[in-house]
Structure formats: C-alpha cells, structure tokens
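Engineer: fold the following.
(one chain, ligands or ions: 2)
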Amino acid sequence: MKITYYGHSAFMIKEGNFTFLIDPFISDNPHLDLDTNQLKADYILLTHGHGDHVGDALSIAKNTDATIIAPFELATYCERKGAKVHPMHIGGGFNFDFGRVKLTQALHGSAVFEGDDIIYTGNPCGFLLMINGKTVYYAGDTGLFLDMKLIGELNKIDIAMLPIGDNFTMGVDDAVYAVDLLKPALSIPMHYNTFGYIMQDPEEFVDKIKEKNYEGKVLEINKEYEL
Ligand code: NI
Ligand code: MN
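Structural biologist: Ligands and ions are numbered 1, 2, ... in the order given. Sure thing, here's the model as predicted:
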C-alpha cells in the first residue's frame with residue numbers, strides 16, 4: 001500500500017484501484033503548500049468535526065465525487081453541505097467495494113465551529129481500514145484507552161497511525177503504551193509539530209518503541225511510501 005503523510009493527521013492511502021484521504025487538513029496546514037485541486041480520492045474518512053481534521057474534505061468531496069465516511073452526526077453535517085456520505089458509528093463495520101471499515105472509539109471532542117456557533121457533531125472516532133488482507137488502524141485524536149488492547153486482540157494490525165502531540169491527544173509515552181496494547185507491525189506517529197501546543201520529537205516515539213522491539217517510522221511530509 002502507498003501512504004503519503006501530509007503532516008498533522010492527514011494521510012493519503014492508495015491500495016488496489018482505490019484512493020483514500022484521511023482527515024485531509026491541507027489548505028490551512030502549515031506543513032504544506034499543496035493545491036487541494038491536485039488531490040483525488042474515492043473515499044474520505046473523517047474522524048471528527050474539528051477544523052484540523054475536516055480540513056478540505058467538503059471541497060475535495062465535491063470536486064472529486066468522493067464519498068465521505070464519518071460518524072453519523074458528522075456525516076449528516078457533510079451531507080447537508082452537499083457531500084456524498086456513508087454514515088457509520090462506533091463499533092460498526094461495513095463491507096465496501098474496496099474492503100471493510102470499522103469505527104473505533106476515540107476519547108476526544110467533535111464539533112464544527114461556524115461563526116459564533118458551535119455545532120456538535122457526535123462522538124469522535126478512529127478507523128480500522130481493512131483492504132487486500134492488510135489492516136490499518138488510524139486512532140484519530142484520542143487519549144490512551146485500555147480498550148486498545150481489545151482492538152489489538154481482535155485485529156492483526158499491519159500499520160497503526162497514532163497521535164503523539166500531547167495536550168489534545170496522547171503524548172509520546174502514552175502512545176508508546178498504546179503500541180504495547182495494539183501490537184502493530186509498524187507504527188507511524190501523527191498530530192505533532194503543527195501548532196505550539198503539540199511540539200514533540202517523533203524520533204523519540206520511534207526510539208522508545210524500538211526499545212520494546214516494535215517497528216516505528218517517521219514519515220517525511222508529502223512523500224509517498226510503499227509500506
Ligand atoms: Ni481534534
Ligand atoms: Mn486535532
């Protein structure tokens with residue numbers, strides 16, 4: 001599978017004939033200078049309503065006819081803004097044309113801020129993306145939770161994408177603990193160094209999990225990897 005990290009928590013995954021964008025925070029992303037019109041996707045996975053995750057999802061969905069997969073309340077919000085959506089909810093999985101998606105819990109908030117209004121968009125989530133025999137666990141914005149052990153027991157995770165920024169999500173040490181619970185073949189850190197609150201050294205995360213005999217990799221921004 002081909003994976004491109006756009007910084008923050010934004011990824012593109014290509015597998016088979018399908019292209020996925022996850023939490024595509026592109027145009028306001030200080031890590032990037034990328035024209036969103038260049039991005040094409042079949043599916044856009046959104047974990048929660050915060051601006052650094054919904055990002056450019058609505059415009060990309062409209063430009064490319066991509067389907068947004070999100071928790072029901074957030075999916076309904078996107079549908080009312082004109083996007084094609086597939087609503088799901090935590091604990092539920094669905095067999096799509098490309099493979100299977102299952103929503104996992106995330107300990108966080110979820111709301112869209114429009115002018116003076118705060119529009120709550122239900123619970124935040126993480127995703128298990130199962131495609132061509134590979135399983136990716138994208139934790140979303142979350143604190144550490146013990147049910148990650150269950151996610152690790154029920155799924156043979158090939159790649160885990162885990163937030164390490166602290167302040168809004170797990171920090172490095174909690175993310176290292178999460179790896180122990182999830183037991184993924186490869187862990188990729190995300191949600192760091194975008195704003196002042198979440199400055200971290202991602203190599204510290206990789207070094208600490210290597211001490212426990214797990215594999216980790218810091219992805220360079222806007223570079224495609226075959227993983
Ligand atoms: Ni958030
Ligand atoms: Mn965030």
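
Engineer: spell out which parts of the protein neighbour ligand 1.
Structural biologist: Residues of the chain lying close to ligand 1 (Cβ under 5 Å from the ion) are 50, 141. C-beta: built from backbone N, CA, C; applies to glycine.

Engineer: how about residue 130: what's its closest non-neighbour residue?
Structural biologist: Excluding the flanking residues, the one nearest residue 130 by Cβ to Cβ, 6 or more residues apart in numbering is residue 100, at 4.3 Å.

Engineer: who does the one you found bridge with?
Structural biologist: Beta-bridge partners for residue 100, by DSSP bridges, are residue 95, residue 130.

Engineer: which ones are touching it?
Structural biologist: 93-94, 128-131 (Cβ atoms under 8 Å, 6 or more residues apart in numbering).

Engineer: contact residues of the protein facing ligand 2?
Structural biologist: 52, 141.

Engineer: near residue 81, how many other residues are there?
Structural biologist: 16 (other Cβ atoms under 10 Å).

Engineer: contact partners for the residue nearest to it when sequence neighbours are not counted?
Structural biologist: Leaving aside its sequence neighbours, residue 81 sits nearest to residue 58 (Cβ to Cβ, 6+ apart; 5.2 Å). Residues in contact with residue 58 (Cβ under 8 Å, 6+ apart) are 78, 81-83.

Engineer: what do you get for residue 65?
Structural biologist: residue 84.

Engineer: I'd like the distance between residue 92 and ligand 2.
Structural biologist: Between residue 92 and ligand 2 the computed distance is 23 Å (Cβ to the ion, to the nearest Å).

Engineer: how many residues are close by the nearest residue to that residue once chain neighbours are set aside?
Structural biologist: Leaving out its chain neighbours, the residue that sits closest to residue 92 by Cβ to Cβ, 6+ apart is residue 103, at 5.9 Å. Residue 103 has 24 neighbouring residues, counting by other Cβ under 10 Å.

Engineer: in contact with residue 94, which residues?
Structural biologist: 86, 88, 100-102.

Engineer: swap in 10 Å and give it another go.
Structural biologist: Applying Cβ atoms under 10 Å, 6 or more residues apart in numbering, we find residue 94 in contact with 69, 86-88, 100-103.

Engineer: about what we covered before: distance to residue 41 added to the contacts of residue 100, as JSON lines?
Structural biologist: As requested, the contacts of residue 100 are arranged in JSON lines below (distance: Cβ to Cβ, whole Å):
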{"residue": "93", "distance to residue 41": "21"}
{"residue": "94", "distance to residue 41": "18"}
{"residue": "128", "distance to residue 41": "19"}
{"residue": "129", "distance to residue 41": "13"}
{"residue": "130", "distance to residue 41": "18"}
{"residue": "131", "distance to residue 41": "14"}
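
Engineer: buried ones among those?
Structural biologist: Buried members of the contacts of residue 100, counted by 16 or more other Cβ atoms under 10 Å: 128-131.

Engineer: out of those, who's nearest residue 31?
Structural biologist: residue 129 (22.6 Å; Cβ to Cβ).

Engineer: I'd assumed residue 3 was in contact with that closest one.
Structural biologist: No - if you go by Cβ atoms under 10 Å, residue 129 and residue 3 don't touch, sitting 11.1 Å apart.

Engineer: any common contacting residues for these two?
Structural biologist: With contacts defined as Cβ under 10 Å, 6+ apart, the residues shared by residue 129 and residue 3 are 13, 15, 20, 22, 136, 159, 161.
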